[in-house]
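*Asks:* Below: sequence and its predicted model.
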Amino acid sequence: MRIAPGSTGVAVVAPQSGAEPAPRGTAVPPVAIQPPRAAPAAVASPGTAAAVSAKPVAAKPAKPKSATVRTAAVRTSDAAAERAAETKGVGIAVLVNDDPITGYEIDQRQRFMAMSTNIGERAQANFKRALQDPSVSERLKGILGQIIEANKGKTKAQILAIFEERKKQFALGLQKQAMESARASVFPALRKQALDELVEERLKMQEAKRLNVTASEEDVGRIVKSIAEKNKMTEAQFAQHLSSMGSDIEAMRARFRSTMSWNEVIKRKYGHQIAISERDVERMVSQGPAVDDQVELQIQRIVLPIAGKLAQKSVDARVAEAEAMRAKFSGCSSMAGLSGGIAGAKFEDLGTRKAGTLSEPTRSFLINAKDGEMVPPTVGSSGVELYAVCGRQVVKADEQKRTAALEELRQKEFELFAKRHLRSLRDEATCRFVADAGVTAAKDCNLRSAANKTTQ
């Protein structure tokens, strides 16, 4: 933002399009918040299976159910009602089999879910509209007048410096208003989804605890750390970034904890029932696009780093050393020993790599080399590099397609079992929605009217 000396007009610079409004100089990287896809035997948490909304009704005695249904899922205990009434002030909104969900959790889940919407674009559009309002220029002129009046005797440069700071504060205020307006436009629709998701999470975690397959905090932490690293942040920075967007990182951790635990539940209960026929695999393979064969190479590498500036003389000296090593090469078993007598030389067994992941000209050298051959030295980002091909295998396209088809079919089967089991848990569960005067009971967690009452 800047104002030209002697000018009466002011200009407030908008943030880059597509990003959430943020203070000048504050980087807001895109946040990837999806957990890693589960292995074929592990089921990614299915989407919201059913709306949880229910109109509060008068408490009724629970109907007798099968002995196989957990008592906690069908019983409305007076003690739980008393606890809910006592803790009403801290915001309990729903009891799912006596397990509370607070209003704060619903609000935080809304904010977390909003990050996956176009809320940033809406905020940006709101901010631009605010800047185009004629009153903005008048307000800034008024601020400048106040500064001039309050700082008589100061130089023009000093006054403009004060004005620049006030303009920044003014713009930040507009940005905050734009973000709040954007959130307000999407929050009503998200509240019901957030409540529904939290009810499902409670049911999933209750089942995981019953089967003793809850995800550990270490496993959840690894996923959060991975996401933070993908966004080039530490965990603390990532948590602060989410906080600046109005969301507590615990909302993310809770979702991942539920997803991972639920995967284990489905594997434990239904993994042995998955049976994919050869006919199903063949049918899917025949419907898919054509795929080329892939070459996988088993390779080793020696790197000769180049110290100091990348001068031609230094490069030539290292290349000469590499050529001398290549002349002594007698097979992959001898490669580690070759680096021993060269200053700074580093040996690496890179294992198996797909040829397509290697850069040129190294890739062409290695593909065309024979097994047990060292290719000519090349200059890479780490220094002069020597590669040797120690083996290879060709992965047939048909085999790749069959493996992918089998994994996809298994995943679909697991998702079907997951949806059925979750539906069963919801039918058997008791959700009680805290009303203004106390607690009302519903016979299960699928009554839409009760959830609608809660979300108002």
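*Replies:* Cool, got the structure. Numbers count the residues shown, from 1 in each chain.

*Asks:* how close does the spatially closest residue to residue 274 that is not a sequence neighbour get to residue 273?
*Replies:* Leaving out its chain neighbours, the residue that sits closest to residue 274 by CB to CB, 6 or more residues apart in numbering is residue 413, at 5.0 Å. C-betas here are computed from N, CA, C, even on glycine. Distance, residue 413 to residue 273, using CB to CB, to the nearest Å: 8 Å.

*Asks:* More neighbours: those two, which one.
*Replies:* Neighbour count, other CB atoms under 10 Å: between residue 413 and residue 273, residue 413 has more, with 19 against 9.

*Asks:* pLDDT wise, what is the more buried one at?
*Replies:* If you check residue 413, the pLDDT there is 90.

*Asks:* cool, and residue 440?
*Replies:* Value for residue 440, per-residue pLDDT: 50.

*Asks:* Spit out the contact partners of the closest residue to residue 246 other than its chain neighbours.
*Replies:* Spatial nearest neighbour of residue 246, chain neighbours left out: residue 111 (4.6 Å); criterion: CB to CB, 6+ apart. For residue 111, the contact set (CB atoms under 8 Å, 6 or more residues apart in numbering) comprises 183, 245-247, 251.

*Asks:* for residue 298, same thing?
*Replies:* Here residue 298 is in contact with 351-353, 389-392 (criterion: CB under 8 Å, 6+ apart).

*Asks:* same deal with residue 317?
*Replies:* Contacts of residue 317 by CB under 8 Å, 6+ apart: none found.

*Asks:* what helix or strand is it on?
*Replies:* Here residue 317 sits within helix 312-328, counting by DSSP states H and E.

*Asks:* again, but for residue 281
*Replies:* Applying DSSP H and E, one finds residue 281 within helix 278-287.

*Asks:* what stretches of the stretch 51-200 of the chain score poorly on pLDDT?
*Replies:* Along the stretch 51-200 of the chain, segments meeting pLDDT under 70 span 51-90.

*Asks:* What about residue 331, how many residues nearby?
*Replies:* 12.

*Asks:* tell me the contacts of the closest residue to it other than its chain neighbours?
*Replies:* Of all residues not flanking residue 331 in the chain, residue 372 sits nearest, at 5.4 Å (CB to CB, 6+ apart). Going by CB under 8 Å, 6+ apart, residue 372 touches 331-332, 388-390.

*Asks:* Could you work out the most separated pair of those?
*Replies:* 331 and 389 (11.0 Å; CB to CB).

*Asks:* helices or strands next to the helix or strand in which residue 206 is found in the packing?
*Replies:* Under the criterion of DSSP H and E, residue 206 resides in helix 156-211. Here helix 156-211 touches strand 92-96, strand 99-102, helix 103-114, helix 119-132, helix 134-150, helix 249-270, helix 397-428, helix 448-455, going by 3 or more CB pairs under 8 Å, 6 or more residues apart in numbering; DSSP states H and E.

*Asks:* Which one, of the ones you listed, ends up nearest to residue 174?
*Replies:* Going by CB to CB, the one of the helices and strands packed on helix 156-211 nearest residue 174 is helix 119-132, 5.0 Å.

*Asks:* Any figure for the gap between residue 279 and residue 345?
*Replies:* 55 Å.

*Asks:* wait, I meant residue 239
*Replies:* 42 Å.

*Asks:* same check, this time on residue 407
*Replies:* Remark: distance between residue 407 and residue 345 (CB to CB) = 42 Å.

*Asks:* How about residue 415?
*Replies:* Going from residue 415 to residue 345 by CB to CB gives 51 Å.

*Asks:* Mind checking what secondary structure residue 432 has?
*Replies:* strand (DSSP: H, G, I helix; E, B strand; the rest coil).

*Asks:* burial count for the closest residue to it other than its chain neighbours?
*Replies:* Once flanking residues are discounted, residue 432 sits nearest to residue 95: 4.5 Å by CB to CB, 6+ apart. Residue neighbour count, defined by other CB under 10 Å, stands at 23 for residue 95.

*Asks:* got it, and residue 277?
*Replies:* Neighbours of residue 277 using other CB under 10 Å come to 9.

*Asks:* State the distance from it to residue 283.
*Replies:* For residue 277 relative to residue 283 (CB to CB), the value is 9 Å.

*Asks:* One more: residue 139?
*Replies:* Separation of residue 139 from residue 283 (CB to CB): 67 Å.

*Asks:* now residue 388
*Replies:* 43 Å.

*Asks:* neighbour count winner among these two?
*Replies:* Each of residue 388 and residue 283 has its neighbours counted (other CB under 10 Å); residue 388 has more, 24 against 12.

*Asks:* List phi and psi for the closest residue in space to that one that isn't next to it in sequence.
*Replies:* Of all residues beyond its chain neighbours, the one nearest residue 388 is residue 374 (4.3 Å), with distances taken as CB to CB, 6+ apart. With angles defined as degrees, to the nearest 10, residue 374 sits at phi -100, psi 130.

*Asks:* so residue 374 makes contact with residue 329?
*Replies:* Yes - applying CB atoms under 8 Å as the test, residue 374 and residue 329 come out as touching, 4.4 Å apart.

*Asks:* So for those two, which sits in the more crowded spot?
*Replies:* Remark: of residue 374 and residue 329, residue 374 carries more neighbours, 25 against 16, as counted by other CB under 10 Å.

*Asks:* Understood, closing this out.
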